[in-house]
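>>> Output the structure for:
(one chain, ligands or ions: 1)
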Amino acid sequence: VLDPTTRWPRGEKPDHAGLLTFAGLPYTEDAAELAGVDVAVIGAPMDELVSDRPGTRFGPRAIRAAGGPPGRQVETGVDAMAELVVVDFGDAAVIPADPLASHANILQTVGEAVDAGAIPIVLGGDHSIAEPDVRACARRHGPLGLLHFDTHTDTGRDIYGVEVSHGTPMYRLVEDGIVDARRYAQVGLRGYWPGPEEFAWQERQGITAIPMHQVRAEGIAAALERALAVVGAGPAFLTVDVDVLDPAYAPGTGTPEPGGMTAADLLWACRTSAMRLELVGADVVEVAPTAVGAADTTALVADRIVREILTGIALRRRAAGAPA
Ligand SMILES: [Mn+2]
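This is a model prediction of the structure:
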């Protein structure tokens, strides 16, 4: 594993210096080096399958740049990246203008992390990448529970007649039995898509939808408690579309929708979910940086989403008495 911090006294590399990796973590593209790794952060920089604004191909790089060094999180007292072995496993081999080939290569790279016993956390990329992400985890762990933060259900059968899209991954995963519909909860739905046909389909499947107006009415803690009860025990995947946030917190995304969650609520919910669920994988998607190559608001909150997931995983392992 290439450790980008060895040149600095005590390993304390300034955030703006050295190789650009997630949180300045060690970097490898060699699956043989994943032995003993708890979490592998993987980029999936593609945006061919968006229905509206492109730009998520720049998401992983922007999240890596948004950073700030690792450290002890004030609210929990946990330094997740000191308690867990976390590496940046680089980017899946996306192929510009060939999204299906990109999906095959994302499946391959995420699968390498899963096979090594690591929890993959994938940085998108448009939300279509959830399909290979979840499939790679289900290959090892069987049908999964799914906790899904999003403005949209992403349960379309097709978008503009296209079946593989950022609006359809959850339909495909449920239809193929990869996600157990009875253990699938959506949080934060609002706006103007999808319509009655898609909602009727997901009701027939037994999918639980907690729209934004219910989150607002009952509060994030009660809403999340309901979602966690639906996902329950057993292997689960966490997928976070940053468009669940109000555009005030995440303007750089493919299909922004006003009236969404606050960053504080989402970060708390991500940490709590990672602590309470048996997470076997996660992704953070639809970061379309508004200033390409720069650390912007949306990329910053996506970086913090990953860190709260890591903090939750660390807290879960503490509670289980697992060696750090
Ligand atoms: Mn989505």
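>>> tell me which element the closest residue to Ser128 other than its chain neighbours is part of?
Nearest non-adjacent residue to Ser128, counting by C-beta to C-beta, 6 or more residues apart in numbering: Leu49, 4.0 Å away. C-beta: built from backbone N, CA, C; applies to glycine. Using DSSP states H and E, Leu49 sits within no helix or strand.
>>> looking at it, Leu49 is touching Val164, isn't it?
Yes. The criterion here is C-beta atoms under 8 Å, and Leu49 meets it with Val164 at 6.5 Å.
>>> Could you tell me which residues touch both of those two?
Common neighbours of Leu49 and Val164, counting by C-beta atoms under 8 Å, 6 or more residues apart in numbering, are 99, 128.
>>> Looking at the two, which one has more neighbours?
The neighbour comparison of Leu49 against Val164 (other C-beta atoms under 10 Å) goes to Leu49, with 26 against 16.
>>> Tell me the confidence at the spatially most central residue of the chain?
In the chain, the residue lying closest to the centroid (C-alpha atoms, centre = their mean) is Asp283, at 1.9 Å. Turning to Asp283, the model gives it a pLDDT of 98.
>>> do the same with Ala322
So Ala322 comes in at 60 (pLDDT).
>>> longest strand of the protein?
Looking across the chain with DSSP state E, the single longest strand is strand 179-189.
>>> Next, the buried residues of that one.
179-181, 183-189 (16 or more other C-beta atoms under 10 Å).
>>> so how far is that strand off the chain centroid?
15 Å (C-alpha atoms, centre = their mean, to the nearest Å).
>>> about what we covered before: so can I have TSV of the buried residues of strand 179-189 showing distance to the ion and pLDDT?
Putting these into TSV (distance: C-beta to the ion, whole Å; pLDDT from 0 to 100) gives the following:
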residue	distance to the ion	pLDDT
Val179	14	98
Asp180	19	98
Ala181	17	98
Arg183	19	98
Tyr184	14	98
Ala185	14	98
Gln186	10	98
Val187	12	98
Gly188	10	98
Leu189	10	98
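>>> Out of the residues you listed, which is nearest to Leu100?
Closest to Leu100 out of these is Val179 (20.2 Å), distances taken as C-beta to C-beta.
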